[in-house]
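> any chance you could fold what I've pasted below:
(2 chains)
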Amino acid sequence: GESVGLHLPTLSVQEGDNSIINCAYSNSASDYFIWYKQESGKGPQFIIDIRSNMDKRQGQRVTVLLNKTVKHLSLQIAATQPGDSAVYFCAENSGGYQKVTFGIGTKLQVIP
Amino acid sequence: GAVVSQHPSRVICKSGTSVKIECRSLDFQATTMFWYRQFPKQSLMLMATSNEGSKATYEQGVEKDKFLINHASLTLSTLTVTSAHPEDSSFYICSARGVKETQYFGPGTRLLVL
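Modelled structure (predicted):
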């Protein structure tokens, strides 16, 4: 599916709380998913990825969950810190890993 | 981790001129490079995919004669915006992929066309 440019939804979280950022994807053929973090004026930064043969993967303070039945992806950030404030994009790899399609993005605001 | 650089980081040009943006993979060989455009408060939109030594594949709606892409080596790709107009003002971001699937992104180039 194609991602469409829209105004970004915003998630506000208190510092120290856990954050959950959700993403719906449209291409059922996608088999590799990535979460990126983008700070203002910078390029996206790789956070974590997951293949379609998995439903959960953990990193440092982050966990990605994949539900292929409903085509849903989520990113959980534990003990959210002010430095986590950024826009988070989910991305799906389709076409034999040739290109990545980005989702709308979610702006995470951490309240000190 | 893999590092991708872009040059320049920002450029201001007059309408009608051409602008070249470089994308380099600094510590790995990039078999494939991608060019994206991002407007304020919007997501990244893929413009084209380029493989070293072959012609770029452009996404629907992207004019290949306006956005010239050259991927002459495994570490360098260039995007030239020809006859730039104010509506071309945007944030241009490249990414590079090596032997694994993960794409690593450059820091972006902000283009302002007056």
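
> can you name the residues bridging to the spatially closest residue to residue B:37 that is not a sequence neighbour?
Using Cβ to Cβ, 6 or more residues apart in numbering or on different chains and skipping the chain neighbours, the partner closest in space to residue B:37 is residue B:90 (4.9 Å). From N, CA and C alone the C-beta is placed, and that goes for glycine too. In this entry, residue B:90 is beta-bridged to residue B:111, by DSSP bridges.

> for residue B:90, what are its contacts?
By Cβ atoms under 8 Å, 6 or more residues apart in numbering or on different chains, the contact set of residue B:90 is B:37, B:38, B:39, B:110, B:111.

> and the residues you listed, which is closest to residue A:65?
Nearest to residue A:65 out of these is residue B:38 (Cβ to Cβ; 26.5 Å).

> surely that closest one meets residue B:91?
Yes: when contacts are counted by Cβ atoms under 8 Å, residue B:38 is listed as touching residue B:91 (4.5 Å).

> circling back: in ChimeraX, how would I select the buried members of the contacts of residue B:90?
A single ChimeraX command is used to select the members of the contacts of residue B:90 judged buried by 16 or more other Cβ atoms under 10 Å in any protein chain shown:
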select /B:37,38,111
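
> now do the SS call for residue A:83.
Taking DSSP: H, G, I helix; E, B strand; the rest coil as the rule, one finds residue A:83 in the helix state.

> check the gap between it and residue A:17 for me.
15 Å (Cβ to Cβ, to the nearest Å).

> bridge partners for residue B:103, pull those for me.
Here residue B:103, judged by DSSP bridges, has bridge partners residue B:97.

> tell me the buried residues in stretch B:63-79?
B:67, B:68, B:69, B:71, B:74, B:75, B:76, B:77, B:78, B:79.

> pick the one among the contacts of residue B:90 closest to chain A.
Chain A lies nearest to residue B:39 out of the contacts of residue B:90, by Cβ to the nearest Cβ, at 6.3 Å.
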